[in-house]
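S.K.: could you look at this predicted model? Sequence included:
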Amino acid sequence: MSSSVKVKTTVAIAALTLLLIAGGCSGESADETTPPAPTPTNEQGSITFETPAGGEMTASSENKRSEMLHEDIPLPDQVIISATMEQPDQGAVTISFDVKQPLEEVIQLYKDAITTSGFTETMPTTQEEDHFWFSGTRDNEQLVVILNKNFDQDGWVYGSIAYTNKG
């Protein structure tokens with residue numbers, strides 16, 4: 001598979017993840033610091049299944065950092081991880097999260113990490129008042145970071161990280 005197709009596939013997966021998360025959020029919460037509970041239950045867990053290509057994928061709603069995410073790719077302090085999808089045979093992980101923090105601070109966290117970790121931009125980075133999008137590579141690694149201001153919950157950011165390491 002060509003590098004361009006891999007990048008487009010990674011971007012598509014990240015975008016789909018954000019759409020799934022955004023579509024499932026009602027915007028209602030018990031208080032200002034608690035995001036809406038998952039529907040239909042508030043249980044957390046994971047499930048592993050076989051993909052059509054014969055690999056495995058694990059989908060998790062546990063609020064914990066994936067071991068597949070390289071240690072120099074940060075998650076914001078006080079992050080709430082809402083979903084993780086891991087495909088070990090592909091070296092791929094996608095993490096979706098929420099955090100109560102100004103969007104500008106979360107953007108700066110990732111800009112600093114991208115600069116110091118050596119990722120090279122593969123598509124023009126997009127930064128607007130309400131969102132940020134980065135796509136880049138480093139050796140055999142690919143990284144896509146998508147951050148959006150949550151308009152339903154003041155002061156909250158929801159984001160997605162798609163990371164692949166084929167090394």
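M.R.: Perfect, I can see it now.
S.K.: check which helices and strands the one helix or strand F49 maps to sits against.
M.R.: Assigned by DSSP states H and E, F49 falls within strand 46-50. Other elements packing on strand 46-50 under the criterion 3 or more CB pairs under 8 Å, 6 or more residues apart in numbering; DSSP states H and E are strand 56-60. C-beta coordinates here come from the backbone N, C-alpha and C atoms, glycine included.
S.K.: let's see 10 Å
M.R.: Counting contacts by 3 or more CB pairs under 10 Å, 6 or more residues apart in numbering; DSSP states H and E, strand 46-50 packs against strand 56-60, strand 80-87.
S.K.: buried deepest among the ones you listed, which one?
M.R.: strand 80-87 (a mean of 20; mean count of other CB atoms under 10 Å).
S.K.: pull the CA atoms of that strand into CSV?
M.R.: C-alpha atoms of strand 80-87 as CSV (Å, rounded to 0.1, in the frame of the first residue of the first chain):
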residue,chain,number,x,y,z
ILE,A,80,-11.1,11.3,29.9
ILE,A,81,-10.6,8.6,27.3
SER,A,82,-13.9,7.7,25.8
ALA,A,83,-12.9,5.1,23.2
THR,A,84,-9.8,3.2,22.1
MET,A,85,-9.5,1.0,19.0
GLU,A,86,-6.3,-1.1,18.7
GLN,A,87,-5.2,-3.2,15.7
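S.K.: and the very next helix or strand once past that strand, which strands flank it?
M.R.: Later in the chain than strand 80-87, the nearest helix or strand by DSSP H and E is strand 92-100. Strands adjacent to strand 92-100 in the sheet, as given by DSSP bridges, are strand 80-87 (antiparallel), strand 156-165 (antiparallel).
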